[in-house]
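1. here's a sequence, model it:
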Amino acid sequence: MGKTFPTSPFSTRFSGREGETRLRIQNIAWGQHKRPAALVLVLALAAILSCGGLISCRVKTEQPVLSQLLTDEILTDDILNGDSILAGGDLDGDGREEALCTPALVYKLWPDGSLRQLNLRNTVLELLELDMDVPLELTYLPGQQKISAQWLGNRRTFPLKALLDNTRSGLILSTGEDNPDGVTRYFREGLDLTGDGTADDRILITSYGYETEDPSTHAEITLATGEVLTLRCYDRPSFSSAFPLRLSDDGRQALVLALSDSTSNYGCTQYRVLTVENGQLAELPLPAESSGADTVYGGHAAGDALRLPTLLDKWHGFQWHTLTWDEQLQTWAVQSDGFFTDYGQAALADGRTLTLELRGRWTADHALYYDRVQILDGAELLQTITPDFPADSPLCFDGVTRARATVPVEDYNPLGFSADAALHNLSSILDVNFDGNQDIGLPVDTTHDNYHLWYCWDPGAEQFVPAFALQGVPETDEARDLLIEHPFDSPDMAYTFNARGQLVWLGTLEEQPPTERSAS
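-> I've put the predicted structure just below:
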C-alpha cells in the first residue's frame, strides 16, 4: 500500500488539498482547533513560563502572567492547538511573555495586558510571497530556537525571534475586560497608511456573531496622529483579516480587508481595498468578478500587485488573479492565470520525496483536465509529463497482459488527463511494482472503465516512465506480491511482476492461492 510518513510534535502539516474546505480555511486563518487536556496545558504553561525571569527581567510585576490568562475557560473553548507547549518565556526579547504552542501558533501578552494569538504561518507566507494553497509545512527546531519552512521541496529556516518581530497581526482573545459571546477581534499593526514613514497606523476588525443584536463586521483604523476612522465593512459576521498593499512610490500603503463569510462552506470572501485620503477613508472598488461569490480566502500582496483566488470546485486548487492599480485610469488591471494547480508527493527508496505539480484547465462547459504534470526534486525540474495519447504499455510480460493493461483507443480523454473528481480519483500515488519507489497513476479516460495510466519510477533515468494501464485504482497485496485491479464490469483481477520487472496477468483474484506466488 502507499507509504505513510511519520509525524512529529514539532511539525504541523498544511497540505490544503483534501477534507472540508471550510475547516481548511478556518484552520489556516485562525489556527487549527483541537481540544487538549486543559489541566495539563495550564500546568505546562505555568512551569515553562515560570522560567521567564531567567530570560528577561523586564516584565513588570503588575502585569498578569501568560499562564494566568490561558485559563481553563479559554482552553475548553478549543483555542489552544496541540497537546504540548513547545517553548515559553520572552521569546523575542521585548520584555513580554510568549508561548509557542505549535510551529504555527504563538500566544503573547501585549503591553495593554491583552492576550493575543499570532499565526506564524501567515507571516511565513507573506515573507516568501507564496500563494496560500501552496503546501507548506512548519517545523520547530527546539535546540536552535528556529522555525523550518518546507514547501514544494524547498526549505528555509527562520529564527523564531525574527518571525515574531515580523508578525504584526492576529486575534485578540482577552482584553482584560468582559468578552461578550459571539464577538471576535482581529488586529494588524505596523501600517503606514498616510505615508509619513512611521508605520504606526493600526486596524482593529470586530465581528459580531449572529447571536448578537447587530450581526456585522466593523473596522476601526487608528492613525499615528491619534485620529480614528471607522467603517461598517460587512453586513454579516466574518472571519476577518487585513494586509497592506503598496500602490504608490511614496511609501504610503493601501489596506486590503479580507472578509470571509462565517457561514460559507468554501471560505467565500469579500475583499475591499481602502486608502486614507486627507484624513478620510476612500475605497478603490474591485472588479465584480474579483470579489464575488467565487472569491475565497487567501488573497495577499505580491510586490505592488494584489493576488486573489477564486474557487472552481472544492476538489481542486484555486485559480489566481493578479490585480494592479492604474493610477492614471483609476482602475484595476486584471490578469488571470487561466489554470489551477494541484499537488502531490511521491516517496522514493533513496529517501527523497518528489513533488508533483498538476496544471489543470477547463472548457467552456466546465470539463476539467490536466494538460501538464511536472516532477520536481526540490526546486529542480526533473520531468514534464504531457498527455501524449495513445500510450504504449512497455512493461507488460506478454501479449495477453498487454491486451488487458492497455487503454482502448476510444476510451482516451481527448482533452488530456482527466481532472473530473466526480468520476474518479484525480491521481494515485502507490508503489505498484514493489520496488520501494512510489509510482504515479493518472486518469486518462472519462468512461466507466476509469483507466489510469501508470508511470513507474526508473532510478537510472531519474524519471517516471509509462508502464501500463489498469482500470480504477489498484491495491497491493504485499504478502503475495499481487497487484489487484478492480474492473468496472468484471471480477477483480490479479497481477504480479517477474524478475525483469514486467507486469504479468495471473487471472481473477479468486483463482489465486493464499500463499505467495511468482511468475516465470
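2. only C-alpha atoms from now on, for both contacts and neighbour counts.
-> OK.
3. tell me where the stretch 51-200 of the chain has strands.
-> For the stretch 51-200 of the chain, strands defined by DSSP state E, counting those that start in this stretch occupy the ranges 87-89, 98-100, 105-109, 115-119, 136-141, 146-151, 154-159, 169-174, 183-191.
4. for these, give me CSV that also has distance to F389 and mean pLDDT.
-> CSV is the format used below for these (distance: least, C-alpha to C-alpha, whole Å; pLDDT from 0 to 100):
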stretch, distance to F389, mean pLDDT
strand 87-89, 54, 86
strand 98-100, 52, 88
strand 105-109, 48, 89
strand 115-119, 46, 91
strand 136-141, 34, 94
strand 146-151, 32, 94
strand 154-159, 33, 94
strand 169-174, 50, 90
strand 183-191, 52, 95
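5. would you list these in CSV and tack on distance to E283?
-> CSV is the format used below for the strands of the stretch 51-200 of the chain (distance: least, C-alpha to C-alpha, whole Å):
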stretch, distance to E283
strand 87-89, 41
strand 98-100, 36
strand 105-109, 32
strand 115-119, 27
strand 136-141, 33
strand 146-151, 35
strand 154-159, 36
strand 169-174, 22
strand 183-191, 17
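6. mind checking how far A346 is from E211?
-> As judged by C-alpha to C-alpha, to the nearest Å, A346 and E211 stand 47 Å apart.
7. so between the two, which is more surrounded?
-> Remark: of A346 and E211, A346 carries more neighbours, 21 against 10, as counted by other C-alpha atoms under 10 Å.
8. the more buried one is in contact with G436, isn't it?
-> No. Counting by C-alpha atoms under 8 Å, A346 sits too far from G436 to count as a contact (10.9 Å).
9. who's in contact with T341?
-> By C-alpha atoms under 8 Å, 6 or more residues apart in numbering, the contact set of T341 is H316, G317, F318, Q319, E357, L358, R359, G360.
10. partners of it in the sheet?
-> Judged by DSSP bridges, the bridge partners of T341 are R359.
11. in the protein, where is pLDDT below threshold?
-> Across the chain, the ranges flagged by pLDDT under 70 are 1-84, 176-179, 423-426, 515-520.
12. okay, now the domains of it?
-> Here the domain parsing of the chain from automatic domain parsing is 11-329, 340-511.
13. burial of D388, as a residue count?
-> Per other C-alpha under 10 Å, the neighbour tally for D388 reads 9.
14. looking at this, it is in a helix?
-> No. Counting by DSSP: H, G, I helix; E, B strand; the rest coil, D388 is not part of a helix but coil.
15. between the two ends of stretch 457-469, what distance do you get?
-> One end of stretch 457-469 sits 15 Å from the other (C-alpha to C-alpha).
16. one more: stretch 315-334?
-> 25 Å.
17. now stretch 88-104
-> End to end - C-alpha to C-alpha - stretch 88-104 spans 14 Å.
18. same check on stretch 141-154?
-> Start-to-end, stretch 141-154 (C-alpha to C-alpha) is 17 Å.
19. secondary structure element holding the residue nearest to L482 when sequence neighbours are not counted?
-> Leaving aside its sequence neighbours, L482 sits nearest to T496 (C-alpha to C-alpha, 6 or more residues apart in numbering; 5.0 Å). Assigned by DSSP states H and E, T496 belongs to strand 493-497.
20. what is that strand packed up against?
-> The helices and strands touching strand 493-497, judged by 3 or more C-alpha pairs under 8 Å, 6 or more residues apart in numbering; DSSP states H and E, are strand 482-485, strand 503-508.
21. let's have the ones you listed in TSV, adding distance to L127 and mean neighbour count.
-> Listed next are the helices and strands packed on strand 493-497 as TSV, based on distance: least, C-alpha to C-alpha, whole Å; neighbours: other C-alpha atoms under 10 Å:
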stretch	distance to L127	mean neighbour count
strand 482-485	45	23
strand 503-508	48	20
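22. ok, back up a step: who wins for most neighbours among the contacts of T341?
-> In terms of neighbour count, L358 stands highest of the contacts of T341 at 26 neighbours, by other C-alpha under 10 Å.
23. so what's it up against?
-> T341, D342, Y343, Y370, D371, R372, V373, Q374.
24. swap the cut-off to 10 Å and go again
-> Taking C-alpha atoms under 10 Å, 6 or more residues apart in numbering, we find L358 in contact with 317, 339-344, 369-375, 384-385, 417, 419, 426-427.
25. excluding its backbone neighbours, what's nearest it?
-> Excluding the flanking residues, the one nearest L358 by C-alpha to C-alpha, 6+ apart is V373, at 4.5 Å.
26. I'd say that neighbour and A419 touch.
-> No. Here V373 does not reach A419: they are 11.9 Å apart, not a contact under C-alpha atoms under 10 Å.
27. overlap in contacts, these two.
-> D342, L358, R359, G360, L442.
28. that's a helix at R402, yeah?
-> Yes. Counting by three-state DSSP, R402 is part of a helix.
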